[in-house]
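1. structure, please.
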Amino acid sequence: MIMGGQPVKACVSLGTSHFQKANQRVRAALAAADVVELHDVFAQRYLGCALDAGKKLDIFGTPGNDMACFLDGGEVEVHGNVQDQIGNTMNAGRIVVHGRCGDAAGYAMRGGEIFVRDDCGWRVGIHMKQYEGRRPVVFIGGDAGDFLGEYMAGGVIVLLGKAGKHLGTGMHGGVIYLKAPPDPGLISDSLVLEKADEADAEVLSPLMCAYNRLFAEERGAAVDESGEGFWRLRPASSRPYASMYAQ
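-> Numbers count the residues shown, from 1 in each chain. Sure, this is the predicted structure:
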């Protein structure tokens, strides 16, 4: 809904309202506006669930689990930290977090982008996949907990900080770009760790530029936008468990 060329905006304060009531109020506001600011958010779950293209939530506070699950083209921006499973099974759109995120961000996501300024918890990017030209992206500006990219089947993860243990466990598709390479002794035989090349830099550079546009001022410095100096982690095979089954 655009009036006079400007998006229609609304503001909702959630306070301590139950997540079901909170989401009813948010959906009602989104039905009448393009951009909805949410204030006094205290861990309400499912905010922005299945949000369509052309709609945006600006969240001030700490949203609860499964924020922006099934996101379908909309945008959710959080001015603070978020809890677990943001972007669960998202299809398209963008999530921006001006802070850190919890566990399992991007769980089974199939498209769209997640940009996190700081650290993330465990199992981020678990079961990520890509299809029909959609290539999801998770960009983490800080450190990651254990099991980053677990069972990853497609898409791109970019990590500027340090990775935890069990990196890429069960990974059979997609790619993880690491600015700080892990100890090669911690890399499974089912994975290949190698220096990123010029083709990788072409993928990384626009993502680095996007990260700077979002966070450089807050961080007090911009990151290198060339996309150079990364390591690429990829699966050695698309069938890591083939030997466990009858041929």
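
2. tell me where this protein has helices.
-> Ranges of helices in the chain, per DSSP state H, are 19-32, 198-219.

3. what sits up against the first one?
-> By CB atoms under 8 Å, 6 or more residues apart in numbering, the residues outside helix 19-32 that reach it are 1, 8, 10, 12, 14, 17, 36, 38, 44-49, 51, 55, 57, 64. For every residue, glycine as well, the C-beta is placed using N, CA and C.

4. can you check the last one too?
-> Counting contacts by CB under 8 Å, 6+ apart, the residues outside helix 198-219 that touch it are 96, 98, 113, 115, 117, 137, 139, 141, 156, 158, 175, 177, 196, 222-228, 230, 232.

5. number of residues surrounding Cys120?
-> Residues near Cys120, counting by other CB atoms under 10 Å, number 31.

6. where in the chain is pLDDT low?
-> Scanning the chain with the threshold set as pLDDT under 70 gives 1-4, 238-247.

7. picking up where we left off before, now the helices of the chain in CSV, with mean neighbour count and distance to Lys165?
-> Below are the helices of the chain laid out as CSV (neighbours: other CB atoms under 10 Å; distance: least, CB to CB, whole Å):
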stretch, mean neighbour count, distance to Lys165
helix 19-32, 16, 33
helix 198-219, 16, 24
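
8. can you redo the ones you listed as JSON lines with distance to Gly121?
-> JSON lines is the format used below for the helices of the chain (distance: least, CB to CB, whole Å):
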{"stretch": "helix 19-32", "distance to Gly121": "20"}
{"stretch": "helix 198-219", "distance to Gly121": "19"}
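
9. what's the closest of the ones you listed to Ala105?
-> helix 198-219 (15.5 Å; CB to CB).

10. spatially central residue for the chain, please.
-> Ile114 (2.8 Å; CA atoms, centre = their mean).

11. gap between that residue and Pro7?
-> Distance of Ile114 to Pro7, given as CB to CB, to the nearest Å: 23 Å.

12. picking that back up, may I see the PyMOL selection of the buried members of the contacts of helix 19-32?
-> Remark: buried members of the contacts of helix 19-32, expressed as a PyMOL selection using 16 or more other CB atoms under 10 Å:
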select buried, resi 10+12+14+17+36+38+44+45+46+47+48+49+51+55+57+64
